[in-house]
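In: Sharing a model prediction with you, sequence too.
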Amino acid sequence: MRATSVVLAIVATVSVCSSLSLDSTDRVGVVGSIGASRYDATFGSLPGIPSCCSWYGSRWNLSWGVGVLVERAVGTIAGLPATGELRLGFQNLSGRLQRDEFIANVIVDDQVHPGISRYQLDATLWALSLEPVLRIPLPWYRDIGFDIGA
């Protein structure tokens, strides 16, 4: 019997930076992110775990990350001062997939109830990230902007 598993995590992050200026062009600081991870899983079985469930479906889960950054001015784009950043951090991509499956009717106290079996898969996933980023700040507030990068 061959088991195939597919877990796909797509992370979209929105970050807010807090930093310390080194000189007029360089900054170091802390970065935090929050986003959504999507998980898809289809497999016949897991080794050593009895299960009739062959499909867990997909689900969106909350993901978050924290790290440090180094930032340097790189010029202007469309009249806005752009910076290049390098971020090093940890990301939590953990999630839970579950499926309820009707097995059979059960009789409890002379009444018929649906017999449901719940299959649950908890994944604990951590990622070490190294992200190069081009940051274009909003014109009215420098610490929030659009990030382009990994």
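Out: Received it, and whenever you're ready, just let me know what you need. Please read all numbers here as calculations on a predicted model, not as lab measurements.
In: Now the element after the helix or strand bottoming out on mean pLDDT in the chain, going C-ward?
Out: Ranked by mean pLDDT, DSSP states H and E, the helix or strand of the chain with the weakest confidence is strand 12-21, at a mean of 43. Next in sequence after strand 12-21, counting helices and strands by DSSP states H and E, comes strand 26-42.
In: Tell me which other helices or strands that next one touches.
Out: Here strand 26-42 touches strand 12-21, strand 55-77, strand 80-92, strand 95-108, going by 3 or more C-beta pairs under 8 Å, 6 or more residues apart in numbering; DSSP states H and E. Where C-beta positions appear, they are placed from N, C-alpha and C, glycine not excepted.
In: Just send the ones you listed back as TSV, with mean neighbour count and distance to residue 116 too.
Out: Formatted as TSV, the helices and strands packed on strand 26-42 follow (neighbours: other C-beta atoms under 10 Å; distance: least, C-beta to C-beta, whole Å):
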stretch	mean neighbour count	distance to residue 116
strand 12-21	14	34
strand 55-77	15	15
strand 80-92	17	30
strand 95-108	12	5
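In: Of those strands, give the one that comes closest to residue 139.
Out: Closest of those to residue 139 is strand 80-92, at 6.4 Å (criterion: C-beta to C-beta).
In: Taking strand 26-42 as reference, get the angle to the closest one.
Out: Counting by axes from the mean of the first three to the mean of the last three C-alpha atoms, to 10 degrees, strand 80-92 lies at 50 degrees to strand 26-42.
In: Could you list every helix and strand in contact with strand 80-92?
Out: Using 3+ C-beta pairs under 8 Å, 6+ apart, strand 80-92 is in contact with strand 26-42, strand 55-77, strand 126-138, strand 141-149.
In: tally of neighbours for residue 93?
Out: Residues within reach of residue 93, counting by other C-beta atoms under 10 Å, total 20.
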